[in-house]
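Student: quick one: sequence plus predicted model below, questions after.
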Amino acid sequence: MLTPSSGTVGLGRALLWAAVVLALALTAHFEAGGHLPPPSVIALLGALLLVVTTLAVRRQIRWPGGLALAGLGQYALHQVFSFLGGACAAATLPDGGVHAHPAGPLTAALATEDCVGADLAGFDPGMLAWHTLATVVSVGLLVGVERGVWLLAAWLVRPLSVQPLRLPVVRRAPVLVGPETPVGPVDVHVAPERGPPSSALVMDLAA
């Protein structure tokens with residue numbers, strides 16, 4: 001029986017939620033001017049997010065649950081992106097000049113204290129707006145997919161109801177029954193009528 005909460009369908013739903021939330025979080029963070037972590041870190045975040053979504057898809061996810069899942073995911077991913085994004089804060093040189101540490105892989109970012117957590121400096125309204133938009137779009141898309149998957153599953157496993165065939169009722173008119181006719185062969189021989197006795201017979205009786 002098709003069960004959207006487990007098996008291949010459940011894994012597919014979990015993969016879809018994880019992929020959409022992660023992709024929109026990356027897009028929102030980048031469009032807002034944030035720095036992205038290396039691909040290895042993104043892959044690790046995707047695996048962790050998949051574990052969370054696998055637990056979440058045991059039931060149908062509706063708008064309240066979807067907003068909670070996607071919103072917390074966007075917030076957590078934003079914090080990780082900001083901390084491990086490899087952005088470098090500007091440093092002042094002795095001659096008064098300003099230079100920046102090169103932004104690069106995670107190893108290069110961890111090598112300098114100025115590079116780790118540089119995006120966590122303060123509140124950015126643009127970043128908040130982008131992540132909020134990503135949350136709403138992801139929930140609107142995925143909740144619609146959820147509804148379609150569960151409706152399809154309910155349609156496929158519904159019991160087959162066979163409606164009885166209704167035939168039109170024909171009312172018969174009453175038939176007048178006549179006298180009963182004999183069954184079997186009927187003797188139609190008619191005996192001849194008997195007349196007066198003959199004169200010879202009368203004379204014999206008189207003698």
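Tutor: Looks like it came in fine.
Student: rounded mean pLDDT for stretch 71-88, please.
Tutor: For stretch 71-88, mean pLDDT is 84.
Student: all strands for the chain, in order.
Tutor: 90-92, 98-100 (DSSP state E).
Student: spit out the contact partners of the closest residue to F30 other than its chain neighbours.
Tutor: Nearest non-adjacent residue to F30, counting by CB to CB, 6 or more residues apart in numbering: L36, 5.9 Å away. The way it works is simple: take the backbone N, C-alpha and C, and place the C-beta from them, glycine included. L36 makes contact with 26, 29-30, 42, 81, 85-86, according to CB atoms under 8 Å, 6 or more residues apart in numbering.
Student: cool, and L128?
Tutor: Contacts of L128 (CB under 8 Å, 6+ apart): none.
Student: distance check, it against L142.
Tutor: 21 Å (CB to CB, to the nearest Å).
Student: same thing with Y75?
Tutor: 17 Å.
Student: V41 now?
Tutor: Using CB to CB, V41 is found at 24 Å from L142.
Student: okay, those two: which has more neighbours?
Tutor: Applying other CB atoms under 10 Å to V41 and L142 shows that L142 carries more neighbours, namely 20 against 17.
Student: low-confidence stretches in this protein?
Tutor: For the chain, applying pLDDT under 70 flags the ranges 1-2, 86-123, 158-170, 172-207.
Student: which residues of it fall in helices?
Tutor: With DSSP state H, the ranges of helices along the chain come out as 7-31, 39-56, 63-84, 106-110, 125-156, 199-206.
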